[in-house]
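Student: Just need the structure, nothing else, for what follows:
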Amino acid sequence: MTDPVLDTLFLPLEDGLIDWPATGPALFLRARTGDALDEVSRDKLLCEQSFKPAYDALIRAGFRMREDAAPAGLTLVLPPRQREEYRALLARAVSETTPGGIVMAAVSNNEGAKTVENDLKALTGNISSQSKNKCRVFWATVDGRIDQALLAEWTQLDAPREIDSGFTSRPGLFAWDHIDAGSKLLADHLPALKGKVADLGAGFGYLSDAVLTKNPGLTRLDAIEAEGRAVEMARLNLAKHGDRATVHWLDATKALPDTYDAIISNPPFHVTDRADRHDVGKAFITSAARSLTSGGQLWIVANRHLPYEETLEASFKHVNLVAQNNFYKVFKAVGPKGKTK
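Tutor: This next block holds a predicted model:
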């Protein structure tokens, strides 16, 4: 799989500008698979990844996942887009690299590579870089030039915090500092639900909380979320509901934990870039159809431009447009096709 950012990240190692650590593996934060890793010996990397599909892909490729906080002589980073989140990640990379070791990161030019490079330089007091594939790879030595005050400040940028709605969240999550308008539209139109319910792509738990609050007699809700950083927040936000809610770190496009009477969802339509990913939402729909009872119902909200109608019609016996505005549309789909009582 071609991945220009990943390819660029490994250039200094391939060109001999940076050496692999003499002892122990390099640490790879926000790791993901791609062509650049095909020839890398699996014992050279210790990977960390909070996004379940990417985590699972690394496991399938034979890479080892990090289990402790032992420092490394080389730390590779693929910074995310959100500024507070990536600054906290850079600070953690510096903190978890041995003195004299190197922190190396890569970002595409259209995602702000130069800005992130300047941030790493401000943190470490030194920087080197290369450009290729419309991306930049840059690296810094962890030594006495580290700005300790900035390091302490940035380390806290990813800390969970209460947002205006009263939920606990953190930078970088979907709609992390407010209630998403699409999710609210769906919540406002949900009927009373009973039986077993799942929330696919639960985020920090807003929709799950809305369902549990609106339906005090509901005894079982599974919140399914692929981003581990969001899973931590959902567990905090849903703790008040006790054992009525269970949060799962799972890829919602794969097999779900149970069969459900109702499923709600505001599917993501971006993954690692800004391009629309219709396939993700469509996969959520087919996954829901597989996991619902014969008369089960799916309630889903989507941006108006996303073409989910065909997939809904192919997967369910009855599909109704329940609500819409200038930005979003809410569907109710009942009775997965191909299922009998």
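Student: Quick check: which ranges of the stretch 1-150 of the chain have low pLDDT?
Tutor: Along the stretch 1-150 of the chain, the parts satisfying pLDDT under 70 run over 1.
Student: So which residues of it form helices?
Tutor: 4-9, 11-14, 52-60, 83-95, 113-124, 148-155 (DSSP state H, counting those that start in this stretch).
Student: now the ones you listed in CSV, with mean neighbour count and distance to Arg229?
Tutor: All C-beta atoms are positioned from the backbone trio N, CA, C, and that covers glycine. Shown next, in CSV, are the helices of the stretch 1-150 of the chain (neighbours: other CB atoms under 10 Å; distance: least, CB to CB, whole Å):
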stretch, mean neighbour count, distance to Arg229
helix 4-9, 21, 20
helix 11-14, 17, 28
helix 52-60, 17, 11
helix 83-95, 22, 8
helix 113-124, 19, 19
helix 148-155, 14, 15
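Student: among those helices, which is nearest Glu162?
Tutor: Closest approach to Glu162 among the helices of the stretch 1-150 of the chain (CB to CB): helix 83-95, 15.5 Å.
Student: Can you check what angle separates that closest one from helix 113-124?
Tutor: Per axes from the mean of the first three to the mean of the last three CA atoms, to 10 degrees, the angle that helix 83-95 makes with helix 113-124 is 50 degrees.
Student: Next up, the contacts around Thr23.
Tutor: Gly73 (CB atoms under 8 Å, 6 or more residues apart in numbering).
Student: From Ala70, how far off is it?
Tutor: Remark: distance between Thr23 and Ala70 (CB to CB, to the nearest Å) = 12 Å.
Student: Which of the helices of the stretch 1-150 of the chain sits closest to Lys254?
Tutor: If you check each of these against Lys254 by CB to CB, helix 52-60 wins as the nearest, at 8.3 Å.
Student: how far does the closest one sit from the chain's center?
Tutor: 12 Å (CA atoms, centre = their mean, to the nearest Å).
Student: Could you name the helices and strands sitting against that helix?
Tutor: Under the contact criterion of 3 or more CB pairs under 8 Å, 6 or more residues apart in numbering; DSSP states H and E, helix 52-60 touches strand 64-65.
Student: So what's the gap between the strand it packs on and the chain middle?
Tutor: When C-alpha coordinates are averaged (CA atoms, centre = their mean), strand 64-65 and its chain have centres 18 Å apart.
Student: in its sheet, what does that strand sit against?
Tutor: Under the criterion DSSP bridges, strand 64-65 sits next to strand 45-48 (parallel) in its sheet.
Student: returning to that earlier point: nearest to Pro267, out of the helices of the stretch 1-150 of the chain?
Tutor: For these, proximity to Pro267 was assessed by CB to CB; helix 52-60 is nearest, at 13.5 Å.
Student: Keeping just the C-alphas, turn the closest one into CSV.
Tutor: Output in CSV follows, covering the C-alpha atoms of helix 52-60 (Å, rounded to 0.1, in the frame of the first residue of the first chain):
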residue,chain,number,x,y,z
LYS,A,52,-8.2,-0.4,16.3
PRO,A,53,-8.2,-1.1,12.5
ALA,A,54,-4.5,0.2,12.2
TYR,A,55,-3.6,-1.8,15.4
ASP,A,56,-5.1,-4.9,14.0
ALA,A,57,-3.3,-4.4,10.7
LEU,A,58,0.1,-4.1,12.5
ILE,A,59,-0.6,-7.3,14.4
ARG,A,60,-1.5,-9.2,11.2
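Student: Contacts for it, please.
Tutor: Taking CB under 8 Å, 6+ apart as the rule, helix 52-60 contacts 31-33, 47, 49, 65, 226-228, 249-251, 253.
Student: Excluding sequence neighbours, find me the nearest residue to Asp261.
Tutor: Of all residues not flanking Asp261 in the chain, Gly195 sits nearest, at 3.0 Å (CB to CB, 6 or more residues apart in numbering).
Student: so who does that neighbour touch?
Tutor: Contacts of Gly195 (CB under 8 Å, 6+ apart): Arg220, Tyr260, Asp261, Ala262, Thr293.
Student: Kindly indicate whether the fourth one is helix, strand or coil.
Tutor: Same thing as Ala262. Counting by DSSP: H, G, I helix; E, B strand; the rest coil, the backbone at Ala262 sits in strand.
Student: tell me which residues form a beta bridge with the residue nearest the centre of the chain?
Tutor: Nearest residue to the geometric centre of the chain (CA atoms, centre = their mean): Glu227, 3.7 Å. For Glu227, the beta-bridge partners are Phe51 (DSSP bridges).
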